[in-house]
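>>> need a structure here:
(chains A and B)
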Amino acid sequence: MKLTYAKAINEALRNAMKRNSNVFIMGEDVGIVGGTFGLTEGLYSEFGPERVRDTPITEQQIVGMSVGAASLGMIPVPELMFNDFMGCAFDQLLNQAAKFRYMYGGNMKIPMTLRLPCGGGLQAAAQHSQCLEAFLTHIPGLKVVYPSTPQDAYGLLIGAVRDENPVMYFEHLSLYFEEGEVELDGKPITLGSADVKRQGTDVTVIATGLCVHKALKAAEILEKEGIRAEVVDPRTLYPLDKETIYNSVIKTKRAVIVTEEVKRGAWSAEMAACIAEDIYESLEKRIVRIGELNTPIPYTKNLESYVIPQTEDIVEGIRSITD
Amino acid sequence: MLEKEKVQSLYETMLKIRLFEARVSKCFAKGQVQGFVHLCIGQEATAAGVCANLNQGDYISSTHRGHGHIISKGADIKTMMAELFGKESGYCHGKGGSMHISDTSIGILGANGIVGGGFNLAAGAALACQMKKSGNIVVCFFGDGSSNEGSWHEAMNISSVWKLPILFVCENNLYGISSRVDRSMAVKNVADRAVAYGMKSTVAYGNDVTVVYETAKEAVEYVRSGNGPMLVEYKTYRQHGHFEGEPDVYRSPEEIREWLDQDPIKNCEALIKEKDILTGEERSMLQEKIESEINEAVRFAEESQFPPAALAVKDVYTDIVEEGRVDR
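All right, here's what the predicted structure looks like:
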């Protein structure tokens, strides 16, 4: 059936809560109002206030209590209203959630999935528009998931909740109302499995989140010029399905990496470095990275659109190594 | 007045902590224990007196100064000592050290090296107890210094709002590292802040283990009965520096002497003598017994192996072993 990305996430939450009574949700406005963007709609009335908990506006607490509850066998799926608020919760991610299993000698599990709405395009300005996945991918002990389609959003969330490790689940705000075919089969997508979203032979475009859709548009445009781009969506940034990505790059001999993050210190830099370190000899051209300009996100539309990578930037990037 | 057996067992726990910590101090000076080690010498009564009121199924969360809490909750001192020595047979197989000992099987949720890092974790554990209707409670140990962290206020607030089964136990040892409490907070007691969260609280003398035991008993019963959280603040003093090897330049010799005179173990020994709870001979036998347990723990730690290097890449995740170095 056709569902939006937001509804697919909502259905995955419902599935997880029905399947295991230890699963519960915690966050700001997730209960009575069903989430700022309606992501948890209907769950409060279906599962009750014990399992769908409205919290005070305290991000550190939302994450910290989730980690504490997870350490005793609960399966929390907390939400931060915007990933930009992770600053308030950072110690609990960096020094607690990510470290418990290791520093306590493998004696603890933290089966928590933190939902992190991210991304620009809503004119929400500097503190409500960022893509901060690189911060969390940098931390050993966390897994990082970033779906681009409703079906992936559904399957990856089910997979994340069943995972016994802390999983950071990024969801792009501008994708919430995008529709796609979803099979509500309750099946998890394995964390660490990339997906080839479009087959091609001339260049590999590795893209995440909303940029997958922009890359697909760019591929369509370039097809008319005879350039056949393959679009690979890693879907999880850690664990990373290097095999699928490398096989594609080895085939096309060219790699373009597109993410919405500020380019400096981005996850895309890690991806580029991996390719350069591991399969440099298979490249015929330099690696191209496309990302956000190195600025905060501005409010007004023309400035925001200028800063965020757009389809034409991807088209240009691909052309620069396929001429 | 507590029954004799109870005083005797509290005394035994305190002595075990004291002798353990004193030995760790020596092992640190010898270089057998590395890193940062924060000893609780002088604060044994709070750990022993509070934990004596808990069941095995109850939980404690601890701090960087956590050895006493952990021993009081029933941790094995051989496995603890081995961890301090960085050995594979230690609680964390040499990956945690002094600040990260945990044993969930006996309710030790783990000591924490981040001041204030444990409050919301403890509240989350209490939420799990509440949701599972297990009847267990969580004791969250903390120091005066960490009550200035925002996380403390968040956890106090939510615990009250959600009536969580959690007892906040403040060991006010008068200093947050080098800063005396009156330089860090404008109220006299940490417990004065509880009113802001609608939480019941009490302040007591922390160097008399019988006082600690009885106030904690009442507080534990209050929390266990489903009344929601409570805060107990104990006034105490750490006799060593913030960490081993620290230059203690911020406390006056008079103040240190004054608190050494109020040593919790000496206080308990005076009571034991006065009430004829143990004879001098029984007391030295007890001391010898604990000394030999500690000798055994040190021997175990010394004889244990360091972990193989390959262990460094395990247990980052439940299902992924990270890449190691090829040549080593």
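>>> got the residues of the stretch 1-150 of chain A near chain B?
Applying CB under 8 Å from any CB of the partner chain, one finds that the stretch 1-150 of chain A approaches chain B through A:24, A:50, A:55-56, A:58, A:60-61, A:63-74, A:76, A:91-92, A:95-96, A:100-109, A:140-141, A:143. All C-beta spots, glycine's among them, are computed from the backbone N, C-alpha and C.
>>> Buried ones among these?
With burial judged by 16 or more other CB atoms under 10 Å in any protein chain shown, the buried subset of these is A:24, A:55, A:58, A:60-61, A:63-72, A:74, A:76, A:91-92, A:95-96, A:100-109, A:141, A:143.
>>> what sits against whatever residue of the stretch 201-328 of chain B ends up closest to chain A?
Across the stretch 201-328 of chain B, the shortest distance to chain A (CB to the nearest CB) belongs to B:D315, at 3.5 Å. By CB atoms under 8 Å, 6 or more residues apart in numbering or on different chains, B:D315 lies in contact with A:101-102, A:105-106, B:95.
>>> Check which helix or strand it maps to.
Assigned by DSSP states H and E, B:D315 belongs to no helix or strand.
>>> Look up phi and psi at the residue nearest to it when sequence neighbours are not counted.
Spatially, and ignoring its direct neighbours in sequence, B:D315 is nearest to A:G106 (3.5 Å; CB to CB, 6 or more residues apart in numbering or on different chains). Backbone torsions of A:G106, given as degrees, to the nearest 10, read phi 80, psi 10.
>>> What's the separation between A:G106 and B:S102?
A:G106 sits 11 Å away from B:S102, going by CB to CB, to the nearest Å.
>>> And A:D241, by the same measure?
33 Å.
>>> the more surrounded of those two?
Between A:D241 and B:S102, counting by other CB atoms under 10 Å in any protein chain shown, B:S102 is the more crowded of the two (27 against 19).
>>> Could you check how far that one is from chain A?
As defined by CB to the nearest CB, to the nearest Å, B:S102 lies at a distance of 4 Å from chain A.
>>> what about the nearest residue to that residue once chain neighbours are set aside, is that helix, strand or coil?
Of all residues not flanking B:S102 in the chain, B:G110 sits nearest, at 3.4 Å (CB to CB, 6+ apart). Reduced to three states with DSSP: H, G, I helix; E, B strand; the rest coil, the structure at B:G110 is coil.
>>> tally of neighbours for B:G110?
Neighbour count for B:G110, taken as other CB under 10 Å: 30.
>>> Would you mind listing the residues in contact with it?
Residues in contact with B:G110 (CB under 8 Å, 6+ apart) are A:100, A:104, A:108, B:61-62, B:100-102, B:118.
>>> rewinding a little: adding secondary structure, pLDDT and distance to B:R193, write the contacts of B:D315 out as TSV.
Converted to TSV, the contacts of B:D315 look like this (DSSP: H, G, I helix; E, B strand; the rest coil; pLDDT from 0 to 100; distance: CB to CB, whole Å):
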residue	secondary structure	pLDDT	distance to B:R193
A:R101	helix	96	34
A:Y102	helix	97	34
A:G105	coil	94	35
A:G106	coil	94	38
B:K95	coil	95	36
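>>> Out of the residues of the stretch 1-150 of chain A next to chain B, which sit inside strands?
If you go by DSSP state E, the residues of the stretch 1-150 of chain A next to chain B have A:24, A:76, A:143 in strands.
>>> who does the helix or strand hosting B:A82 touch, helix- and strand-wise?
Using DSSP H and E, B:A82 sits in helix B:77-84. Packing contacts for helix B:77-84, counted by 3 or more CB pairs under 8 Å, 6 or more residues apart in numbering or on different chains; DSSP states H and E, involve helix B:4-29, helix B:67-72, helix B:280-303.
>>> which outside residues touch it?
With CB under 8 Å, 6+ apart, helix B:77-84 has contacts from B:16, B:20, B:24, B:27, B:33, B:37, B:67, B:70-71, B:88-92, B:94, B:96-98, B:101, B:293-294, B:296-298, B:300-301, B:304.
>>> before we move on, back to that, export the contacts of B:G110 to CSV and tack on pLDDT and distance to B:M285?
As requested, the contacts of B:G110 are exported to CSV (pLDDT from 0 to 100; distance: CB to CB, whole Å):
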residue, pLDDT, distance to B:M285
A:F100, 96, 41
A:Y104, 94, 36
A:M108, 94, 39
B:S61, 96, 35
B:S62, 94, 30
B:H100, 89, 35
B:I101, 89, 29
B:S102, 89, 33
B:G118, 94, 38
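>>> out of those residues, who's nearest A:V315?
Taking CB to CB as the measure, A:V315 sits nearest to A:F100 out of these, at 45.0 Å.
>>> Surely that closest one and A:P111 touch.
No. Under the criterion of CB atoms under 8 Å, A:F100 makes no contact with A:P111, lying 11.3 Å away.
>>> one step back: buried only: go through the contacts of helix B:77-84 for me.
B:16, B:20, B:24, B:27, B:33, B:37, B:67, B:70-71, B:88-92, B:94, B:96-98, B:101, B:294, B:297-298, B:300-301, B:304.
>>> So which residues of the stretch 151-300 of chain B form helices?
Remark: helices assigned in the stretch 151-300 of chain B by DSSP state H, counting those that start in this stretch are B:209-222, B:253-260, B:264-274, B:280-303.
>>> for the stretch 101-250 of chain A, same thing?
For the stretch 101-250 of chain A, helices defined by DSSP H, counting those that start in this stretch occupy the ranges A:133-137, A:150-162, A:210-223, A:242-252.
>>> And the pLDDT at residue 56?
Unless you meant another one, I'm taking chain A. Per-residue pLDDT puts A:P56 at 97.
>>> wait, I meant chain B there
pLDDT, B:Q56: 94.
>>> What's the separation between it and chain A?
For B:Q56 relative to chain A (CB to the nearest CB), the value is 14 Å.
>>> shouldn't that residue be in contact with B:G74?
Yes. Using CB under 8 Å, B:Q56 is in contact with B:G74, at 7.2 Å.
>>> Between these two, which contacts overlap?
Common neighbours of B:Q56 and B:G74 (CB under 8 Å, 6+ apart) are B:I106.
>>> Those two: which is more packed in?
Remark: of B:Q56 and B:G74, B:G74 carries more neighbours, 15 against 10, as counted by other CB under 10 Å.
>>> Show the contacting residues for the nearest residue in space to that one that is not next to it in sequence.
Distance criterion CB to CB, 6+ apart; nearest residue to B:G74, sequence neighbours excluded, is B:I106 at 4.8 Å. Neighbour list for B:I106: B:56, B:73-75 [criterion: CB under 8 Å, 6+ apart].
>>> Please flag which of these sit within strands.
Using DSSP E, no member of those falls in strands.
>>> From those, pick the one nearest chain A.
Nearest to chain A among the contacts of B:I106, with distances taken as CB to the nearest CB, is B:A75, at 12.5 Å.
>>> mind checking how far that closest one is from A:P78?
Taking CB to CB as the measure, B:A75 falls 31 Å from A:P78.
>>> the more surrounded of those two?
Just comparing B:A75 and A:P78: by other CB under 10 Å the higher neighbour count belongs to A:P78, 29 against 20.
>>> No further questions, thank you.
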